[in-house]
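Peer 1: I would like the atomic coordinates for the input below:
(one chain, ligands or ions: 2)
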Amino acid sequence: MRTAYSPDQIRTAEAALMAGLPAGTLMQRAAAGLAVVCARLLTGAHGRVYGSRVTVLTGSGDNGGDALYAGARLARRGARVVAVLAGSRTHEGGLAALLAAGGRAVAFTEEALGLVGDADLVLDGLVGIGGGGALREPYGTLASATADTPALVVAVDVPSGVDSGTGLVAGPAVKAHVTVTFGAYKTGLFVDPGATHAGMVELVDIGLRPHLPGPDVAAPADGDVAALLPRPEAESDKYRRGVVGIAAGSDTYTGAAVLSAGGAVRAGAGMVRFASSAEPVRLVRARWPEVVTTILDTASGVSLDAIGRVQAWVVGPGMGTGTEAHAVARAVLSAEVPVLVDADGLTIVAADRALLRRAAPTLITPHAGELSRLLGVPRELIEARRLEHVRRAADELGVTVLLKGSTTLIAETGLPVRAITTGTPWLATGGTGDVLSGIAGAFLAGGLSAYDAASCAAHVHGLAARVAARGGGTGKGGGAGGGEAPIAALDVAEALPAALRML
Ligand SMILES: NC(=O)C1=CN([C@@H]2O[C@H](COP(=O)(O)OP(=O)(O)OC[C@H]3O[C@@H](n4cnc5c(N)ncnc54)[C@H](O)[C@@H]3O)[C@@H](O)[C@H]2O)[C@@H](O)CC1
Ligand SMILES: [K+]
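Peer 2: Numbering: from 1, shown residues only. Ligands and ions are numbered 1, 2, ... in the order given. Alright, predicted model coming up:
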């Protein structure tokens with residue numbers, strides 16, 4: 001599991017580590033690691049470090065110091081290094097080291113701005129974990145210039161303009177190809193929009209690990225998900241593997257039902273029971289003959305008694321928001337098993353929050369718009385401050401929350417937020433969320449906690465989308481020349497077995 005920490009956690013750990021070391025040791029460790037990565041990138045792109053052009057954007061804090069010492073190391077290997085001094089102060093030791101190694105330094109001017117475009121590699125040492133709010137000038141202008149340069153852009157610790165504690169970008173920000181971060185990952189590198197600005201993130205060990213507390217955010221890798229997933233054993237039967245109930249679809253919206261059921265079937269549920277009105281039941285039976293279906297008669301009040309035992313429920317996709325749908329949601333949420341609420345189910349609980357007051361675990365899977373209705377907060381604010389709002393939703397609603405997005409976030413009170421980055425932009429298409437609900441429902445029924453079921457489902461869903469976009473599933477999303485192509489939601493369900501085999 002890759003783990004990330006808030007700037008306060010990092011500073012506390014650094015203080016503890018520094019207490020036992022000569023002054024400046026950590027900065028030297030950081031700069032050495034940074035220079036190694038830069039040298040490797042330059043060698044990869046141009047065959048050598050010697051003669052390459054490096055521009056160091058230098059702010060007034062220690063982030064600038066790291067960049068200057070790394071610039072000095074590159075200058076000693078023959079790189080032509082120029083530092084653009086953008087701050088009101090400059091790290092003295094770092095500047096002296098750069099000049100002694102044959103580098104140059106210039107003040108910020110229009111001309112200096114040209115050095116961003118003329119470099120082979122730009123090192124962003126404007127601000128690190130000490131940054132706050134939108135970048136002031138001239139930092140903002142320099143950060144914007146990194147978007148247009150043909151150079152490799154390497155951010156020092158954090159891309160300047162990205163809030164290291166939240167991933168928030170409040171103005172111009174450096175868009176890096178690679179971010180070299182020190183000691184531990186910073187939360188803002190895992191959460192969009194910060195994660196996108198960071199590019200590939202490389203961690204340089206400076207000895208911080210023994211001093212770190214429990215993480216702020218954690219990003220599971222394939223192996224972590226594989227270890228969590230329920231695997232059938234010799235004595236497993238369909239009941240032990242987990243029976244998931246799905247209450248989804250309506251005579252108006254039938255597709256969501258087929259997709260949610262498909263997600264559950266392909267993710268390995270022992271059995272899927274499906275309950276809805278006649279038309280979605282007919283279509284689910286036609287597409288997934290292994291699903292056991294029940295036509296719900298809502299005329300005389302909803303009862304789930306005839307459906308048989310389930311270990312978890314999924315409620316909401318395509319079910320509508322009328323009186324009958326409300327009655328179904330109420331019946332499902334009064335069951336004493338874990339329940340996943342999605343889509344129309346979220347609209348229903350937004351209007352009747354009391355439905356979420358229950359003893360068994362509840363997982364909700366909103367996108368930013370649905371969370372906006374649940375919290376009464378504008379959608380744009382949720383998009384900009386995803387971490388804050390996913391946590392707030394978990395605390396306020398007392399449930400596990402999976403917030404969909406380019407990085408999916410999962411929050412439960414008292415636990416690190418999980419960040420899932422396996423997705424692809426091709427996933428932003430209608431119906432993929434319905435597939436996710438089925439996958440997570442299958443994992444809940446298989447015995448995972450809501451937190452782990454949500455994390456594993458989002459991870460596997462993202463992998464399946466990638467497989468499908470490359471044409472590797474049985475879906476029809478095959479891209480020419482090994483590239484990626486658009487996918488349909490059912491392709492994601494069909495690619496699940498291939499994705500699970502990859503773990
Ligand atoms: N503390 C440590 O032990 C270590 C720190 N290291 C480096 O030190 C960095 C932190 O250094 P600092 O605490 O000096 O802080 P930074 O260098 O990250 O930034 C602080 C400076 O930026 C200015 N600033 C803040 N927000 C700004 C904005 N929006 N626009 C323009 N200027 C802004 C501040 O006025 C201050 O001068 C880390 O990110 C890392 O790069 C590393 O050398 C490893 C060891
Ligand atoms: K930086």
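Peer 1: can we go C-alpha only for contacts and neighbour counts from here?
Peer 2: Will do.
Peer 1: got the domain boundaries for the protein?
Peer 2: Listed domain ranges for the chain are 2-215, 222-502 (source: automatic domain parsing).
Peer 1: Worst mean pLDDT among these?
Peer 2: Here the lowest mean pLDDT among the domains of the chain goes to domain 222-502, at a mean of 92.
Peer 1: Now for residue 398, how many residues are close by?
Peer 2: Neighbour count of residue 398, defined by other CA atoms under 10 Å: 17.
Peer 1: quick one, what contacts it?
Peer 2: 356-357, 413 (CA atoms under 8 Å, 6 or more residues apart in numbering).
Peer 1: what residues does the chain put near ligand 1?
Peer 2: 14, 26-27, 30, 60-64, 66, 127-136, 156-157 (CA under 6 Å from any ligand atom).
Peer 1: Kindly recompute the last result at 5 Å.
Peer 2: 14, 26-27, 60-63, 127-136, 157 (CA under 5 Å from any ligand atom).
Peer 1: From those, list just the buried residues.
Peer 2: 14, 26-27, 60-63, 127-129, 131-132, 134-135, 157 (16 or more other CA atoms under 10 Å).
Peer 1: Out of the contacts of residue 398, which end up buried?
Peer 2: 356, 413.
Peer 1: Endpoints of stretch 121-141, how far apart?
Peer 2: 18 Å (CA to CA, to the nearest Å).
Peer 1: cool, and stretch 336-350?
Peer 2: For stretch 336-350, the end-to-end distance is 21 Å (CA to CA).
Peer 1: Repeat that for stretch 73-86.
Peer 2: 21 Å.
Peer 1: Run through who's touching it.
Peer 2: Stretch 73-86 is contacted by residues 32, 35, 39, 49-60, 68, 71-72, 98, 101-108, 112, 126, 138-139 when judged by CA under 8 Å, 6+ apart.
Peer 1: Ok, stretch 451-459 next?
Peer 2: Contacts to stretch 451-459, defined as CA under 8 Å, 6+ apart, come from residues 220, 225, 228-229, 363, 400, 402, 408, 410-412, 418, 420-423, 436, 439-441, 443-444.
Peer 1: Any chance of a ChimeraX selection covering the buried ones in the residues you listed?
Peer 2: Applied in ChimeraX, the following selects the buried portion of the contacts of stretch 451-459 according to 16+ other CA under 10 Å:
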select :220,225,229,363,400,402,408,410,411,412,418,420,421,422,423,436,439,440,441,443,444
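Peer 1: Keep only those of the contacts of stretch 451-459 that are in strands.
Peer 2: Members of the contacts of stretch 451-459 lying in strands (criterion: DSSP state E): 363, 400, 402, 408, 410-411, 418, 420.
Peer 1: Same question for the longest helix anywhere in the chain: list its buried residues.
Peer 2: When the chain is parsed with DSSP state H, its longest helix is helix 25-46. Buried residues in helix 25-46, counted by 16+ other CA under 10 Å: 26-35, 37-39, 41-42.
Peer 1: Nearest to ligand 2 among those?
Peer 2: Among the buried residues of helix 25-46, residue 34 lies closest to ligand 2 (CA to the ion), at 11.8 Å.
Peer 1: Please tell me how far that closest one sits from ligand 1.
Peer 2: Distance, residue 34 to ligand 1, by CA to the nearest ligand atom, to the nearest Å: 10 Å.
Peer 1: which ones are touching that residue?
Peer 2: Contacts for residue 34 (CA under 8 Å, 6+ apart) come out as 67, 70, 156, 180, 204.
Peer 1: The third one bridge partners, please.
Peer 2: Right, residue 156. residue 180 (DSSP bridges).
Peer 1: from memory it sits against residue 66, does it?
Peer 2: Yes: between residue 156 and residue 66 there is a contact at 7.5 Å, judged by CA atoms under 8 Å.
Peer 1: what is in contact with those two at once?
Peer 2: Shared contacts of residue 156 and residue 66 (CA under 8 Å, 6+ apart): residue 125.
Peer 1: can you give me the strands for the stretch 251-400 of the chain?
Peer 2: Taking DSSP state E, counting those that start in this stretch as the criterion, the stretch 251-400 of the chain carries its strands at 271-276, 292-295, 312-315, 339-341, 362-364, 400-403.
Peer 1: Okay, now the sheet partners of the longest one, with direction.
Peer 2: Paired neighbours of strand 271-276 in the sheet (DSSP bridges): strand 243-247 (parallel), strand 292-295 (parallel).
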